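Q: Sharing a model that was predicted from the sequence below.
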Amino acid sequence: MSRMATALLLAAGVLVAGHLPSERVVQMLWLWLPVPLVMMAWPSRPLGLARWLAASWLLLFGVDACLRGYLFTRYGMTHESSALLLALANTQPGEAWEYLLGHAHELLPWLGLLSLAVLAAALALRAPAPQGPSRRRQRLVLALALFALLSVGLKGMRRFHPLWAWPGVALAVQQQQADWQRLGDQHRQWRLAARAAVPRPVTEAATVVLVLSDSVNPDNLQLHGYPRATTPALQQLRTTLEPPLAVVREAWAQDASTIPALQRLLVRDGQHLLALAEAGGYKVWWISNHDDLAVKNIHARLAEPRMHMLNRSPGRRSATPDAVVLPRLREALADPAPLKLIVLHLLGAHPYYERRLPPGSANPFAGSDDAVDAALRAAGRPAWLIDQRAAYDAALRHHDALLAETLALIARSSATRRGWLFTSDHGQEVGHERDHAGHSPDTLAGYRIPLLLWQSEPGSVPPAELEQRRFRADSFTPLMAALLRLDTPLATQPPHLLQPTFRWQLPEEIQRLQPKPRPSEP
């Protein structure tokens, strides 16, 4: 077999391997075909410009196949997925490198495939040119190449061409970032809608602390029956607080990544929770341990001038501890305003899990060889994933101490009426359903979230009954509106947990994953 034929077969193999999961193999081969046809029939000097262009073409399609193959098999995404665009727009340069380091074990097969694409390009570059093709053969090949090129004129085909698709992604990312910078008009609309929805301020003094965390899966919380002691501090508070802390047994996010998940939590029917609270007379704080452009511009700026973005080391490897929010929380609790909503936005158990532990602290679950490790081994999970589960559980145990401190602070507060609510933007897959640790839009673990609620005054629904109810993220703003006692229809209409006429419907995002009934279901 000639060197040129080997190069083209390798390149075609990479293309098929990368696109086969997305069932676009034929389409991508058709877009790829014109240049290989010409390469097989047209002579060019071995190191001439035409040969460099042809080798670059093979490499371009190879890189594209590896990128799309990884995105599809790992996240179920195409290059046009809105979740991908949001993630890229909200990623700083250093975070991309950190992501590559953290997911090296998942990238290795694709890097191997990419090396084959590089080899194909190198072989094509050095292959001797075809000798003496007949004019008839050249005309036939040229006709086929021109016919294949016509597909680029079709929008349905063109948008998948690497030379069209990835520049389009870059432009969409730039547009998204520009949109986030121009959110002033959206904020004004939210405030106008809130003033119309809340015509009268709340008359009774109240302080409510809302803790929004990141990547916390309740299946790993001791409060939910997990065998490891991941929530000892909250367990202790649960036995002493009066009224008791309610632990909702089943709660679902409707997105598996931060930006869309927070949008579902904080915005309902064109109304933003922070704007509603402000219209109801609340003084609003946003105290964050995230360094996140999107969250800052979309949500946190509604709390200005009491927006405190405390994380100064951005990226997935940020080791800024969540305890950095405590001094600002104490300041806010001491503020004399009669109505206060204090939002704490925490890193929680955001990957990397080991970075969520205080410097120098030991992982209490590393090498424990306990029931969790045994169950993971029985499920066939690899050793690296068992280590990741131990790191994740250790992050949750550290997180538990901070949550308990925030709850204790509000419980000891002198405010007339006090409330505390904790949830996470989305869940986390750490060997629960597949050999993966991280965000997961294609498993239930990516959507499972905790919901804990405490009120200084007994609510209309007893905690024991509240715990058996089920929660979905798009009912969060109505739930908070009721907790804040805002005079708005959003606070009184079902479905949300505090309504006596509570109704439940499993989110469509979860239905597609076909969840099995859980023991906690009534």
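A: Received it, and whenever you're ready, just let me know what you need.
Q: send the alpha carbons of stretch 186-206 over as PDB?
A: C-alpha atoms of stretch 186-206 as PDB (Å, rounded to 0.1, in the frame of the first residue of the first chain):
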ATOM      1  CA  GLN A 186     -32.200  43.100  31.900                       C
ATOM      2  CA  HIS A 187     -31.700  44.200  35.500                       C
ATOM      3  CA  ARG A 188     -33.900  47.200  34.900                       C
ATOM      4  CA  GLN A 189     -36.600  45.000  33.500                       C
ATOM      5  CA  TRP A 190     -36.300  42.600  36.400                       C
ATOM      6  CA  ARG A 191     -36.700  45.500  38.800                       C
ATOM      7  CA  LEU A 192     -39.700  46.900  37.000                       C
ATOM      8  CA  ALA A 193     -41.300  43.500  36.900                       C
ATOM      9  CA  ALA A 194     -40.600  43.000  40.600                       C
ATOM     10  CA  ARG A 195     -42.200  46.400  41.600                       C
ATOM     11  CA  ALA A 196     -45.300  45.500  39.700                       C
ATOM     12  CA  ALA A 197     -45.400  42.100  41.300                       C
ATOM     13  CA  VAL A 198     -44.700  43.200  44.900                       C
ATOM     14  CA  PRO A 199     -46.800  46.400  45.400                       C
ATOM     15  CA  ARG A 200     -46.300  46.600  49.100                       C
ATOM     16  CA  PRO A 201     -43.200  46.000  51.300                       C
ATOM     17  CA  VAL A 202     -43.100  43.400  54.000                       C
ATOM     18  CA  THR A 203     -44.000  44.900  57.300                       C
ATOM     19  CA  GLU A 204     -42.600  42.300  59.700                       C
ATOM     20  CA  ALA A 205     -38.800  42.300  60.400                       C
ATOM     21  CA  ALA A 206     -37.000  39.300  59.100                       C
END
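Q: Could you list the buried residues of that stretch?
A: For stretch 186-206, the neighbour count (16 or more other CB atoms under 10 Å) marks 187, 190, 191, 193, 194, 197, 198, 202, 206 as buried. All C-beta spots, glycine's among them, are computed from the backbone N, C-alpha and C.
Q: which residues touch the fifth one?
A: Shown in contact with residue 194 (CB atoms under 8 Å, 6 or more residues apart in numbering): 271, 272, 275, 276, 278, 279.
Q: and the longest helix for this structure?
A: Criterion DSSP state H: the longest helix present in the chain is helix 383-412.
Q: Summarise which helices and strands that helix is packed against.
A: With contacts taken as 3 or more CB pairs under 8 Å, 6 or more residues apart in numbering; DSSP states H and E, helix 383-412 sits against strand 206-213, helix 232-240, helix 326-334, helix 371-378, strand 418-424, strand 429-430, strand 437-438, strand 451-455.
Q: Point out where the stretch 151-300 of the chain drops to low pLDDT.
A: The model of the stretch 151-300 of the chain has pLDDT under 70 over residues 151-157.
Q: any chance you could map the helices in it?
A: 155-158, 162-181, 184-197, 232-240, 258-266, 273-279, 293-298 (DSSP state H, counting those that start in this stretch).
Q: Residue 493: which of those helices is closest?
A: helix 184-197 (11.8 Å; CB to CB).
Q: circling back: so of the helices and strands packed on helix 383-412, which one's packed in deepest?
A: strand 429-430 (a mean of 26; mean count of other CB atoms under 10 Å).
Q: I'd like the average pLDDT over that strand.
A: The average pLDDT for strand 429-430 rounds to 96.
Q: still on that earlier bit, looking at the contacts of residue 194, which is nearest residue 104?
A: residue 272 (39.2 Å).
Q: show me the contacts for that closest one.
A: Contacts of residue 272 (CB under 8 Å, 6+ apart): 190, 193, 194, 266, 299, 302, 477.
Q: and if you look at residue 409?
A: Contacts of residue 409 by CB under 8 Å, 6+ apart are 209, 326, 329, 330, 333.
Q: ok, how many other residues are close to the residue nearest to the last one when sequence neighbours are not counted?
A: Nearest residue to residue 333, sequence neighbours excluded (CB to CB, 6 or more residues apart in numbering): residue 413, at 5.4 Å. A count of nearby residues for residue 413, using other CB atoms under 10 Å, gives 16.
Q: Residue 413 touches residue 205, doesn't it?
A: No. In this structure, residue 413 is not within contact of residue 205 by CB atoms under 8 Å, at 11.0 Å.
Q: how close does the residue nearest to residue 373 when sequence neighbours are not counted get to residue 435?
A: Once flanking residues are discounted, residue 373 sits nearest to residue 386: 5.8 Å by CB to CB, 6+ apart. Using CB to CB, to the nearest Å, residue 386 is found at 11 Å from residue 435.
Q: what about the chain, any weak spots by pLDDT?
A: Scanning the chain for pLDDT under 70 picks out 1, 21-23, 40-48, 82, 93-94, 128-157, 312-318, 494, 514-522.
Q: tell me, what residue is most central in it?
A: Centroid-nearest residue in the chain: residue 257, 1.7 Å away (criterion: CA atoms, centre = their mean).
Q: OK, contacts around that residue?
A: 83, 86, 87, 426, 439, 441.
Q: For stretch 449-467, measure first residue to last.
A: 14 Å (CA to CA, to the nearest Å).
Q: any idea how far residue 188 is from residue 68?
A: From residue 68 to residue 188 the distance is 40 Å (CB to CB).
Q: no, scratch that, I was asking about residue 256
A: In terms of CB to CB, residue 256 sits 31 Å off from residue 188.
Q: Need phi/psi at residue 344.
A: phi -110, psi 120 (degrees, to the nearest 10).
Q: tally of neighbours for the residue nearest to residue 295 when sequence neighbours are not counted?
A: Leaving out its chain neighbours, the residue that sits closest to residue 295 by CB to CB, 6+ apart is residue 262, at 6.4 Å. Residue 262: 24 surrounding residues under other CB under 10 Å.
Q: I'd say residue 262 and residue 426 touch.
A: No. Using CB under 8 Å, residue 262 makes no contact with residue 426, being 9.1 Å away.
Q: Tell me which residues of stretch 471-479 come out buried.
A: 471, 472, 473, 474, 475, 476, 477, 478, 479.
Q: try stretch 350-367
A: 350, 351, 352, 353, 354, 355, 356, 357, 363, 365.
Q: now the residues you listed in JSON lines, with distance to residue 291?
A: JSON lines is the format used below for those (distance: CB to CB, whole Å):
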{"residue": "350", "distance to residue 291": "11"}
{"residue": "351", "distance to residue 291": "15"}
{"residue": "352", "distance to residue 291": "15"}
{"residue": "353", "distance to residue 291": "18"}
{"residue": "354", "distance to residue 291": "19"}
{"residue": "355", "distance to residue 291": "13"}
{"residue": "356", "distance to residue 291": "15"}
{"residue": "357", "distance to residue 291": "19"}
{"residue": "363", "distance to residue 291": "25"}
{"residue": "365", "distance to residue 291": "28"}
